[in-house]
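**Q** Whatever this is, show me its structure:
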Amino acid sequence: TLNTINDRLLSVFAVKIQQWWLKKQEHIMLHKLSFTMYLVTSSYDLAKIHQVQNVPSVHEALKTAISHVKYAKNQNPSGIEFFRPALEQAIISAELAQNAVELAAAMKQKESLQRAQLFGNLDSARNRLERIKESIIHVTVSKNKLEDQIKEGEISIESCRNFLEKESQDDSNKNLPLDISSLVNNFSGNSPTGLASQPTSRRQSFDFEDFPMDPEYIHRGKICQEAISMVSEAEKLYNDVLDAQSYYDNAKIYQEDALNNAIQTASLASDIASTNKISTVTVVAASKKAFEDYKASAVKSLLNNIQTEFEQAVGLAIESSDRYMKVVEREKHQKEENDKRDKANAIVNQAEILKASLLDEANIMGIQKRKGMISVIKIYDEKLENFRLAEITSSDSYLLAANEVMITANALKESLLKEKKYKESID
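**A** Numbering: from 1, shown residues only. So this is what the prediction gives:
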């Protein structure tokens, strides 16, 4: 019939179209296979560029992808029912391998950046310790604790640097037993084990900033931060040492000024003693020698830069200087008192000699019994008695009483002259 003839004619075209479509599908799948092979090789090249080809996750992902690609390539493209699922699995594995390589490269880049930052921080910390070491060379206060902290910090920093360097070398020297490059260069082999159980999910994009933090990353930063924190502790101790040094310097300046004042006081005391001729007095000479000894000890302590010692030594020198001045002033006052009393005694002795000579002359002239003479002699005796009583009072009172005795003796001389003139006028 007409329909049968039509079906026979159309079936020829249908077969040709079907054959064309199958051939087209074969070319498309072969193209996908070529792209998948390129994806695997480029992923491996990228892994070698970033030196992550030996990272276990990358190694396994590339190994799986290469196995799946080899298996898909070995399938007969004409057997599309076997070739298609093998190809789809190879594409998935290739994308997962690319994902693993990029993730590992990003993680390694982040670790490298961290190491570079840590090396920079460690170098900065080491420089900070060097500056502290240089600045405490001339520090005179106790700095043992700071020096110990600096030493521990240097050891810790060097240990951390060695750890980072060894870790970096270990990353470069890791070698896994499988040579992946030989697989990349030779796509041939049997079906991978467990092909049916392999994942079928597609490659997912990701943000490198969001991938999980590597425990080694945290550990690396922690141990280096511990080393750097020791430098911060050293800087705190350094500030304490600077404060102690400042306090020490101010204390030393104060003590040096105090010692100079004590020396000036002692010098003034020596001048006073010399002026008043009491330098050889036993107590004065002993006080001066004691001060000189304390002064020498204070100077020596200041040179030794031991604060507790020079503060004590300077204090003793100041006390000795003040004691020396007090002794000199006391001895000076005592000498002045003695000089006044000696002067008073000398005046009275002169008055007594004058009185005796006047009485002798009055006796020769026979006028010793005259009323005027008797009255003045009585007053003289009263003044002499007052002088003797004044001996237990102050030297000034004693000297005043002596002068009154001398005045009375002179009055007796005047009375004798008057009586003498009167007698001569009578005769």
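
**Q** how far does the longest helix seen in the chain sit from the chain's center?
**A** Ranked by number of residues, the top helix in the chain under DSSP state H is helix 215-275. Taking the mean C-alpha point of helix 215-275 and that of its whole chain, the gap between them comes to 10 Å (CA atoms, centre = their mean, to the nearest Å).

**Q** likewise stretch 319-330?
**A** The gap between where stretch 319-330 is centred and where its chain is centred comes out at 44 Å by CA atoms, centre = their mean.

**Q** about what we covered before: so which other helices or strands are in contact with the longest helix of the chain?
**A** Contacts of helix 215-275 with other secondary structure elements, assessed using 3 or more CB pairs under 8 Å, 6 or more residues apart in numbering; DSSP states H and E, are made with helix 80-135, helix 144-173, helix 282-304, helix 307-365. For the C-beta atoms, the positions are set from N, CA and C on the backbone; glycine is no exception.

**Q** Worst mean pLDDT among those helices?
**A** Here those differ in mean pLDDT, and the lowest is helix 144-173 at a mean of 83.

**Q** now it against helix 215-275, angle please.
**A** Relative orientation of helix 144-173 and helix 215-275, computed by axes from the mean of the first three to the mean of the last three CA atoms, to 10 degrees: 160 degrees.

**Q** follow-up on the earlier one: and the angle for the longest helix of the chain with helix 282-304?
**A** Calculated by the same axes, to 10 degrees, helix 215-275 forms an angle of 160 degrees with helix 282-304.

**Q** Let me know the average pLDDT across helix 215-275.
**A** Taken as a whole, helix 215-275 has a mean pLDDT of 88.

**Q** Adjust the sequence numbering to begin at 304 for everything that follows.
**A** In the new count, where the first residue is 304, that last one comes out as helix 518-578.

**Q** how many other residues sit next to residue 642?
**A** If you count neighbours by other CB atoms under 10 Å, residue 642 ends up with 13.

**Q** how much space between it and residue 552?
**A** As judged by CB to CB, to the nearest Å, residue 642 and residue 552 stand 50 Å apart.

**Q** Residue 523 now?
**A** Between residue 523 and residue 552 the distance is 44 Å, computed by CB to CB.

**Q** what about the two, which has more around it?
**A** For residue 523 against residue 552, the residue with the higher neighbour count under other CB under 10 Å is residue 523, and the figures read 19 against 12.

**Q** who touches that one in this structure?
**A** Contacts here follow CB atoms under 8 Å, 6 or more residues apart in numbering; on that basis residue 523 touches 414, 417-418, 421, 466-467, 470.

**Q** Residue 459 versus that one, what's the distance?
**A** Remark: distance between residue 523 and residue 459 (CB to CB) = 14 Å.

**Q** same question, residue 535
**A** As it turns out, when the distance is counted by CB to CB, residue 535 lies 12 Å from residue 459.

**Q** For residue 446, grab phi and psi.
**A** With angles defined as degrees, to the nearest 10, residue 446 sits at phi -140, psi 20.

**Q** Do I have it right that it meets residue 544?
**A** Yes: in this structure, residue 446 is within contact of residue 544 by CB atoms under 8 Å, at 5.3 Å.

**Q** list residues touching both of the two?
**A** Common contact partners of residue 446 and residue 544 (CB under 8 Å, 6+ apart): residue 439.

**Q** sorry, back to before: which of the contacts of residue 523 lies closest to residue 439?
**A** Checking the contacts of residue 523 against residue 439 with CB to CB, the nearest one is residue 421 at 27.0 Å.

**Q** now that closest one, nearest residue through space, not along the chain?
**A** Nearest non-adjacent residue to residue 421, counting by CB to CB, 6 or more residues apart in numbering: residue 527, 4.7 Å away.

**Q** give me the number of residues near that neighbour?
**A** Neighbour count for residue 527, taken as other CB under 10 Å: 25.

**Q** Contact partners for it?
**A** Counting by CB under 8 Å, 6+ apart, residue 527 has contacts 421, 424-425, 463, 467.

**Q** farthest-separated two in those?
**A** Taking CB to CB as the measure, those span a maximum distance of 10.8 Å, between 424 and 467.

**Q** What is the helix or strand encompassing residue 364 packed up against?
**A** With elements delineated by DSSP states H and E, residue 364 resides in helix 359-377, which encompasses its position. Contact here means 3+ CB pairs under 8 Å, 6+ apart; on that basis helix 359-377 packs against helix 305-352, helix 383-438, helix 483-487.

**Q** ranking those helices by burial, who's on top?
**A** With neighbours defined by mean count of other CB atoms under 10 Å, none of these is more surrounded on average than helix 383-438, at a mean of 18.

**Q** what's the angle between that one and helix 518-578?
**A** 0 degrees.

**Q** From the chain's centroid, how far away is helix 383-438?
**A** 39 Å.
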